[in-house]
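Chemist: no FASTA, just this:
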């Protein structure tokens, strides 16, 4: 996986390991430290070994992700003081995955955002996301 940004961290020079454990890391890009940007404080938890989606994680990697998430929340609460969070994985190209190494998004949310109160389902519920009618076979 020589082209994978999460297997070869030096491919993205603005990426920093903030926290880690035996099986996974929490990474942030430098720009998330800028106050007031939409993704202030955000980052991803990635397994150290290449796994394409969360469906490929081992039970140990799942447990390590949970454990690291608790540490990440404490770190983000202290450093950024968000009022909420969105958490999630994108799986497969249709699901919005662009880097095919499993990565769990941890997105702090703030009460002064334009979209405060809008959760991850917000974009799916809009009328502009209607599926095309498919003829029954």
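Modeler: Yep, that arrived. Model, not experiment: these values are computed from the prediction.

Chemist: and stretch 112-121, how far apart are its ends?
Modeler: Start-to-end span of stretch 112-121 (CA to CA, to the nearest Å) is 20 Å.

Chemist: Quick check: longest helix in this structure by residues?
Modeler: Longest helix in the chain by number of residues (criterion: DSSP state H): helix 59-80.

Chemist: starting at the chain centroid, how far to that one?
Modeler: Mean-position distance between helix 59-80 and its chain equals 12 Å (CA atoms, centre = their mean, to the nearest Å).

Chemist: three-state assignment of the residue nearest the centre of the chain?
Modeler: When CA atoms, centre = their mean is applied to the chain, the residue found nearest the centroid is residue 105 (1.1 Å). Per DSSP: H, G, I helix; E, B strand; the rest coil, the secondary structure class of residue 105 is strand.

Chemist: That one and residue 2: what is the separation?
Modeler: 24 Å (CB to CB, to the nearest Å). For glycine as for every other residue, the C-beta is placed from the backbone atoms N, C-alpha and C.

Chemist: Contacts only, for residue 27.
Modeler: 6, 9, 15-18, 43-46 (CB atoms under 8 Å, 6 or more residues apart in numbering).

Chemist: try 7 Å this time
Modeler: 15-18, 43-44, 46 (CB atoms under 7 Å, 6 or more residues apart in numbering).

Chemist: I'd like to know how many residues surround residue 117.
Modeler: Using other CB atoms under 10 Å, residue 117 is surrounded by 9 other residues.

Chemist: What distance do you get for it to residue 132?
Modeler: From residue 117 to residue 132 the distance is 30 Å (CB to CB).
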